[in-house]
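> predicted coordinates and the sequence they were generated for:
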Amino acid sequence: MHIPQHIRQQACEGLLHFVPKKTLARQLGVSQGSIRDWEIYVRCGFFDWIDKPWITRRKELLSSAVDYWFENYPIGYTDVAKRFGIRPGTLYGSIKRTVAKLPEQLRPKRIHFWDVQRKTLGYPCRSPVDYSRKEGSF
């Protein structure tokens, strides 16, 4: 969805005046996620997103953020995204693509669970209500 420039400008002014994000999103009719992302840009001093909305990825910062995340692995990707002024979703996708290229032995342990397929159980799944019923009670 395209967000007009005057809305982005009002959001920037609201963020600079410390208007709460939920209130700002409600007033401007945009998602809270957009306000969160713009708040990250404002905190890092990036204001080009107001008049050039296509500039949301800074490739040099993105690669630096991915490297930083791998060096300090137990850190959350949202913390790294806020530090580098990148959308958390963009950083997550980039980390995921980088991890997919790594050999299995070099991948961090927790990342193995990002793409785990659901396993089917060898027995029928029953709800707690089913356990309380007796045969022929209904």
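Alright, I've got the coordinates.
> number of residues surrounding residue 8?
19 (other Cβ atoms under 10 Å). (Glycine included, C-beta is placed from N, CA and C.)
> helix, strand, or coil at it?
When classified by DSSP: H, G, I helix; E, B strand; the rest coil, residue 8 comes out as helix.
> next one: the residue nearest to it when sequence neighbours are not counted from residue 92, what distance?
With sequence-adjacent residues excluded and distances taken as Cβ to Cβ, 6 or more residues apart in numbering, residue 8 is closest to residue 50, at 4.8 Å. Counting by Cβ to Cβ, to the nearest Å, the separation of residue 50 from residue 92 is 24 Å.
> which of those two has more residues huddled nearby?
It is residue 50, of residue 50 and residue 92, that has more neighbours when counted by other Cβ under 10 Å, with 20 against 17.
> surely that one and residue 6 touch.
No. Residue 50 is beyond contact range of residue 6, at 9.7 Å (criterion: Cβ atoms under 8 Å).
> which SS state does residue 75 fall under?
coil.
> check contacts around the nearest residue to it once chain neighbours are set aside.
Nearest residue to residue 75, sequence neighbours excluded (Cβ to Cβ, 6+ apart): residue 69, at 6.6 Å. Applying Cβ atoms under 8 Å, 6 or more residues apart in numbering, one finds that residue 69 lies in contact with 75, 77, 80, 91, 95.
> mind redoing it with 6 Å?
77, 80, 95 (Cβ atoms under 6 Å, 6 or more residues apart in numbering).
> for those residues, which one is nearest residue 101?
residue 95 (11.0 Å; Cβ to Cβ).
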